[in-house]
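> need a 3D model of the following:
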Amino acid sequence: MQQTQPGVEAGNSTDEPSVRVSDSGGIRVVTIVRPQKRNAIDRPTALALAAAFDAFDADDSLSVAVLTGAGGYFSAGADLGSVSRGEFPVLEGRGFGGITRRPPVKPVIAAVEGYAYAGGFELALACDLIVAGSNALFALPEAKRGLIAAGGGLLRLPDRIPYHLAMELALLGEPITATRLAELGLVNRLAEPGGALDAALELAGKIQLSGPVATRTAKRIIAESRYAMTELRFADQENIVAPLRSGAEAREGALAFVERRDPAWVTAAREARS
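Next up is the predicted model:
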């Protein structure tokens with residue numbers, strides 16, 4: 001594949017691109033490249049992802065995209081180091097990573113290896129199909145850090161798997177395997193470990209056999225008919241989550257993660273009351 005759109009790449013701590021874009025035969029591959037952070041998303045990376053998918057939607061030569069991560073990880077979610085400094089990878093009107101609230105217009109496949117945790121899981125849920133290595137793990141562990149899965153996880157997951165299992169994932173924050181999610185119908189294809197991207201590209205090639213306008217229109221009809229109230233739900237959720245995001249509990253959870261200790265919830269509660 002030939003790399004394109006260098007202007008959408010964002011730097012990471014090593015001054016290397018944190019988002020890499022390559023196109024081949026009408027398929028765009030967008031790769032999160034922060035393996036030293038398990039592809040956790042900071043704000044520059046969110047901006048780069050949004051730009052990459054805007055360019056994808058605007059290019060008539062491209063009909064389907066694959067979102068994946070480098071180094072054997074999909075994404076561990078938000079970069080809690082940056083979150084602890086008050087820097088959030090959430091873009092106005094677009095959501096976490098620049099796509100969870102307003103996904104691309106054209107079809108997107110998530111190719112998941114390793115961890116798809118927190119916002120990483122939500123990025124996968126914002127895609128239209130999910131291909132995963134059989135040993136991949138998914139989780140919404142935000143509650144363990146005093147945070148809320150506000151990137152669509154709490155909105156989309158109950159629509160796609162049984163209610164009580166969605167509630168368990170949200171409240172316990174424990175991981176679930178790709179194999180189990182395939183049984184539940186959330187994962188479209190299982191691949192051998194390390195083979196998710198190849199399997200996703202094969203699936204993308206099959207999508208290309210259909211008319212690009214037809215596939216784009218089919219996606220629109222399915223998305224708008226099933227989630228006609230999605231934008232309203234995101235807006236309502238934001239009213240609930242906004243005070244919590246900047247609250248003492250969220251700060252304590254993020255700091256505890258960075259400092260590798262258990263959160264002191266009682267101390268955070270006292271701070272919130274003072």
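> for the stretch 51-200 of the chain, what spans make up the helices?
For the stretch 51-200 of the chain, the helices defined by DSSP state H, counting those that start in this stretch occupy 80-84, 119-126, 153-160, 163-172, 178-183, 196-207.
> of the ones you listed, which shows the lowest average pLDDT?
Sorting the helices of the stretch 51-200 of the chain by mean pLDDT places helix 80-84 lowest, at a mean of 82.
> which one of the helices of the stretch 51-200 of the chain lies nearest to Ile222?
Proximity to Ile222 (Cβ to Cβ) singles out helix 153-160 among the helices of the stretch 51-200 of the chain, at 12.0 Å. For the C-beta atoms, the positions are set from N, CA and C on the backbone; glycine is no exception.
> now for the closest one, which elements pack on it?
Applying 3 or more Cβ pairs under 8 Å, 6 or more residues apart in numbering; DSSP states H and E, we find helix 153-160 packed against helix 119-126, helix 163-172, helix 230-245.
> reformat those as JSON lines; add distance to Glu259.
Formatted as JSON lines, these follow (distance: least, Cβ to Cβ, whole Å):
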{"stretch": "helix 119-126", "distance to Glu259": "21"}
{"stretch": "helix 163-172", "distance to Glu259": "23"}
{"stretch": "helix 230-245", "distance to Glu259": "20"}
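> nearest to Gly72, of those helices?
Gly72 sits nearest to helix 119-126 of all these, at 13.0 Å, using Cβ to Cβ.
> just list the residues touching the closest residue to Ala76 other than its chain neighbours, thanks.
Leaving aside its sequence neighbours, Ala76 sits nearest to Arg38 (Cβ to Cβ, 6 or more residues apart in numbering; 3.8 Å). Arg38 sits next to 71, 73, 75-76, 114-115 when contact means Cβ atoms under 8 Å, 6 or more residues apart in numbering.
> for Ala196, state which of these is nearest.
The closest of these to Ala196 turns out to be Gly114 (Cβ to Cβ; 9.4 Å).
> now the closest one: how far from Gln237?
28 Å (Cβ to Cβ, to the nearest Å).
> out of the two, which sits in the more crowded spot?
Shown here are Gly114 and Gln237; by other Cβ atoms under 10 Å, Gly114 has more neighbours (24 against 18).
> quick check: closest non-adjacent residue to the more buried one.
Distance criterion Cβ to Cβ, 6+ apart; nearest residue to Gly114, sequence neighbours excluded, is Tyr73 at 4.0 Å.
> Phe234 now?
Nearest residue to Phe234, sequence neighbours excluded (Cβ to Cβ, 6+ apart): Arg101, at 5.2 Å.
> check Pro212 too.
Counting by Cβ to Cβ, 6+ apart, the nearest residue to Pro212 once its immediate chain neighbours are dropped is Ser63, at 4.1 Å.
> can you report phi and psi for the one you found?
Here is the backbone geometry of Ser63 (degrees, to the nearest 10): phi -120, psi -20.
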